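Visitor: Quick one, structure for this:
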Amino acid sequence: MATLPTRLRPIVFDLTHLVSRLPKVATSGIDRIDLAYATYFAARGRMAAGLHYGLTRPHLYSPDEARNAVSFAASLWAKDEAGRETHFAEVREWLASQPGNRRAKPASLSPSGVRSRWRRRLRLAKGRLLNNRSLSVPEGAIYLNVAQHLFEHPMFFRWLKSRPDLCCVFMIHDLLPLDYPEFFSRSNFAIFQRRMNTAFLYANAFIVSTAAIQSRLERELQARGGRPRPIWRHAFPSPLEGQGRATPTKTPPGHPYFVMLGTIEPRKNHLLLLHLWRALVRADSNAPRLALVGVRGWENEQVADMLDRSPALRDHVLELRGLASADLVELLRGSRALLMPSFDEGY
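Guide: Next comes the predicted model:
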């Protein structure tokens, strides 16, 4: 590894995940963290280049091209598309209305989000084709990969073997598939194993968000016979900070509602809440409402059946996805509480 001081090293940021997620209307926690890091380095002029996987060698973006890609990704979550405000107003009105009043249930996704997909796909195509051949990865640079995108395919990272001068820094979000394999499909578990193999093979240092993940990562490195490496721990700032109205509003009048935020998957334990809500509604038809913010993920057949077919939940539970950041802040501010019954969380 080069001896150039870390503070002076140019940063090559892996934008592959950010670009690949452009067509997705709904975002995940990893999407937002990846964007937060990319925005930070792009805004401060620390990004010497953006990197996107190529079949045989990486494609590179100039700093300006990288900033444009990051800015476009950030704009997708801004409250600027026609129809979004109208849709969110309908969401708030439905949640605040009394159950049983026959008010039409709003769609889970705003029409503007659906219409924007072609614009997103065109930007994705541009991002995949862009390759500034006049650039090369600077000597002694930090190669920073936040999202672990395609780590299960080590062929994309073989180019790192020829660049021992680079400092490869990978973020490890959690090791939950290793500790709770029952919450993941066999294929997801196998993919995660391959991702960790790639990370442990090429990383010179790691980033984590909590002391628990740092300790777990250290144990895993030792168990696999891997060499000790620096682990930088830093809690994530909220990606929603500064969104919404400048002055928080009081809880609006109307029917009470609660919010759960996260992909619908077994580890998040939506099933507990849905059973609880069904019992609440059966005991009192005027029970609070529940907003589930997140896409349907994997291994969720029972949850999907309850959402789609339970009469008790039909007028009390609303699925939402693709909310703009400002709308998500306002949704949380208007709720009685954010509920998190997860069995475990990486963040």
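Visitor: Phi, psi for residue 39 please.
Guide: In this entry, residue 39 is assigned phi and psi values of phi -60, psi -40 (degrees, to the nearest 10).
Visitor: give the contact list for residue 108.
Guide: The contact partners of residue 108, by Cβ atoms under 8 Å, 6 or more residues apart in numbering, come to 318, 319, 320, 321. Heads up, the C-betas are built off the backbone N, CA and C, glycines and all.
Visitor: For residue 240, see how far away the closest residue to the third one other than its chain neighbours is.
Guide: Closest residue to residue 320 in three dimensions, ignoring its sequence neighbours and counting by Cβ to Cβ, 6 or more residues apart in numbering: residue 293, at 4.9 Å. With distances taken as Cβ to Cβ, to the nearest Å, residue 293 is found 12 Å from residue 240.
Visitor: out of these two, which sits in the more crowded spot?
Guide: Ranked by neighbour count (other Cβ atoms under 10 Å), residue 293 and residue 240 place residue 293 first, with 23 against 14.
Visitor: was I right about the more buried one contacting residue 322?
Guide: No. Using Cβ atoms under 8 Å as the test, residue 293 is too far from residue 322 to be in contact (9.5 Å).
Visitor: Help me confirm that residue 139 comes into contact with residue 48.
Guide: No. Here residue 139 does not reach residue 48: they are 10.6 Å apart, not a contact under Cβ under 8 Å.
Visitor: Could you count how many residues lie near residue 264?
Guide: One way to gauge burial is a neighbour count; for residue 264, by other Cβ under 10 Å, it gives 22.
Visitor: and the gap between it and residue 152?
Guide: Per Cβ to Cβ, residue 264 is found 23 Å from residue 152.
Visitor: Next one, pLDDT for the spatially closest residue to residue 235 that is not a sequence neighbour please.
Guide: With Cβ to Cβ, 6+ apart as the criterion, residue 235 has its nearest non-adjacent residue at 5.8 Å, and that residue is residue 209. Confidence at residue 209, expressed as pLDDT, is 93.
Visitor: tell me the contacts of residue 209?
Guide: Going by Cβ under 8 Å, 6+ apart, the list of residues near residue 209 reads 173, 233, 234, 235, 236, 346, 347.
Visitor: mind putting those in TSV, secondary structure included?
Guide: As requested, the contacts of residue 209 are exported to TSV (DSSP: H, G, I helix; E, B strand; the rest coil):
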residue	secondary structure
173	coil
233	strand
234	coil
235	coil
236	coil
346	coil
347	coil
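Visitor: Mind picking the two most distant members of those residues?
Guide: Distance extremes for these: the farthest pair is 234 and 346 at 14.1 Å, using Cβ to Cβ.
Visitor: So for those two, which sits in the more crowded spot?
Guide: More crowded of residue 234 and residue 346, by other Cβ under 10 Å: residue 346, with 18 against 9.
Visitor: The more buried one against residue 171, yeah?
Guide: No. Proximity of residue 346 to residue 171 does not meet the contact threshold set by Cβ under 8 Å, at 10.5 Å.
Visitor: Give me the neighbour count for residue 76.
Guide: 23.
Visitor: got the residue ranges for the strands in the stretch 201-347 of the chain?
Guide: Remark: strands of the stretch 201-347 of the chain, listed N- to C-terminal, are 205-208, 231-233, 257-261, 289-293, 317-320, 338-339; assignment by DSSP state E, counting those that start in this stretch.
Visitor: what's the burial count for residue 70?
Guide: 26.
Visitor: Many thanks, have a good one.
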